[in-house]
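Colleague: Whatever this is, show me its structure:
(one chain, ligands or ions: 2)
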Amino acid sequence: MIFEIEEIPEGGFSFDVLADKEHFGIDQPDCTLVDGVKVKGKLTKIEREICFSGDLEAQLKVACTRCLKPFPFEVKSKIQVHFIPRIKEPSPGSEVEIKETDIEKEVYENDRVDLSGPVRDQILLDVPLMCLCQEDCKGICPECGIDLNSNQCECNSEGKIDPRFAELLKLKDKLK
Ligand SMILES: [Zn+2]
Ligand SMILES: [Zn+2]
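Modeller: Ligands and ions are numbered 1, 2, ... in the order given. I've put the predicted structure just below:
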């Protein structure tokens with residue numbers, strides 16, 4: 001999602017695109033983009049600083065925190081990005097001081113800005129730490145690993161197996 005600064009007119013540049021999911025590299029086993037990302041908004045130029053303000057929409061597949069089953073998850077979000085140019089080798093005695101810790105701002109180089117990174121960060125920020133496939137997901141049985149949403153197991157009804165004994169049973173199964 002690269003934009004040449006030269007091509008941003010005085011009044012700003014509005015666009016509405018479906019950006020290929022390959023731009024964003026979101027493809028972890030527990031969080032994957034299933035389609036392109038809709039990005040809509042406006043780039044504006046104020047001297048050498050570039051602002052982007054817009055909306056994004058992304059379809060993801062995330063793993064349920066409790067049962068680990070993948071399920072569709074939609075992100076709809078506002079996005080604001082502020083780009084400043086990288087200053088090459090500030091001349092000695094230069095009075096301009098750049099705060100290195102200013103993480104709110106993205107730095108751009110070579111007269112172009114890339115929205116892919118900020119869009120990816122915004123998407124990941126909108127995926128909650130706890131993602132449940134359904135509000136009352138029962139999760140998986142900690143002892144036998146069965147999905148309790150669609151199955152039942154004997155673990156709870158027959159009293160808990162001593163975890164050390166459970167380990168031995170697993171070992172025994174492996175040796176078969
Ligand atoms: Zn679940
Ligand atoms: Zn069980």
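Colleague: What residues does this protein have near ligand 2?
Modeller: By CB under 5 Å from the ion, the part of the chain that sits against ligand 2 consists of 141, 143-144, 153, 155. In short, each C-beta sits where N, CA and C put it, glycine included.
Colleague: how about 8 Å then?
Modeller: For the chain, the residues in contact with ligand 2 (CB under 8 Å from the ion) are 141-146, 148, 153-156.
Colleague: Counting neighbours, what do you get for Lys171?
Modeller: If you look again at residue 171, you'll see it is Leu, not Lys. Leu171: 9 surrounding residues under other CB atoms under 10 Å.
Colleague: ok, now Gln122?
Modeller: Gln122 is flanked by 20 other residues according to other CB under 10 Å.
Colleague: To which secondary structure element type does it belong?
Modeller: Assigned by DSSP: H, G, I helix; E, B strand; the rest coil, the conformation of Gln122 is helix.
Colleague: so what's Met130 closest to, chain neighbours aside?
Modeller: Excluding the flanking residues, the one nearest Met130 by CB to CB, 6 or more residues apart in numbering is Thr65, at 5.0 Å.
Colleague: Let me see the contact set for the spatially most central residue of the chain.
Modeller: Centroid-nearest residue in the chain, with CA atoms, centre = their mean: Leu124, separated by 1.9 Å. Applying CB atoms under 8 Å, 6 or more residues apart in numbering, we find Leu124 in contact with 26, 31.
Colleague: One more: Pro70?
Modeller: Under the criterion of CB under 8 Å, 6+ apart, the neighbours of Pro70 are 30, 32, 61-64.
Colleague: which one of these is nearest Cys131?
Modeller: Distance ranking of the contacts of Pro70 against Cys131, using CB to CB, places Val62 first at 4.8 Å.
Colleague: The closest one: what's it in contact with?
Modeller: Contacts of Val62 by CB under 8 Å, 6+ apart are 30-32, 70-71, 73, 127, 131.
Colleague: redo that, cut-off 6 Å
Modeller: 31, 73, 131 (CB atoms under 6 Å, 6 or more residues apart in numbering).
Colleague: Please tell me how far the last one sits from Lys38.
Modeller: It stands for Cys131. 21 Å (CB to CB, to the nearest Å).
Colleague: next one: phi and psi at the residue nearest to Met130?
Modeller: Recorded main-chain torsions at Thr65 are phi -60, psi -30, according to degrees, to the nearest 10.
Colleague: residues near Cys67, how many?
Modeller: Cys67, neighbours per other CB under 10 Å, totals 19.
Colleague: That's all I had, so thanks and see you.
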